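In: below are the sequence and a predicted model for it; my questions follow.
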Amino acid sequence: MTFDNLVKKVRKAAEGVDISGIGFLAVQINITGENEGVFYVEVKDGRISVEPYDYHDRNCAITISMDNFNKLMSGKLDPIAGYTLGKIKVDGDVGKALEFSNLVKSRK
């Protein structure tokens, strides 16, 4: 999967996410490996955005391989286990990273 296809997949998945109860969340995702890239997911003012840019005023940054991110989105990688095993690295607010993982789980 290319990085551009991943961003499209995340945008499509974001359409089915329940963001009720989230005031503000800004997470930058750093994809490592062959198809590396950076994108962010922001929840603000009742809307969710996914954009292929750095997010400098983020709550946290998550660094993960393309393969492990796809596993995270499909539910095959538990975020806490992934963090504990070093498959997911978090820079910043780990609580916000967990909130992001809960968003991923809340998809329809």
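Out: Happy to help now that I have it. Numbers count the residues shown, from 1 in each chain.
In: contact partners for the most centrally placed residue in the chain?
Out: Taking CA atoms, centre = their mean, the centroid of the chain lies closest to residue 29, which sits 5.5 Å from it. Taking CB atoms under 8 Å, 6 or more residues apart in numbering, we find residue 29 in contact with 38, 39, 40, 41, 61, 62, 64, 69. For glycine as for every other residue, the C-beta is placed from the backbone atoms N, C-alpha and C.
In: over to residue 31?
Out: Taking CB under 8 Å, 6+ apart as the contact definition, residue 31 lies against 3, 6, 37, 38, 39, 64, 65, 66, 69.
In: what ranges does this protein have for its helices?
Out: If you assign secondary structure with DSSP state H, the helices in the chain sit at 3-14, 66-74, 79-84, 94-105.
In: of the contacts of residue 31, which is the most crowded?
Out: For the contacts of residue 31, the largest neighbour count, defined by other CB atoms under 10 Å, is 26 neighbours, found at residue 69.
In: ok, for it, nearest residue in space, not its chain neighbours?
Out: Computed as CB to CB, 6 or more residues apart in numbering, the closest residue to residue 69 that is not its neighbour in sequence is residue 31, at 6.2 Å.
In: what is the one you found paired to in the beta sheet?
Out: Beta-bridge partners for residue 31, by DSSP bridges, are residue 37, residue 64.
In: buried ones in stretch 30-49?
Out: Across stretch 30-49, burial judged by 16 or more other CB atoms under 10 Å covers 30, 31, 37, 38, 39, 40, 41, 42, 43, 48.
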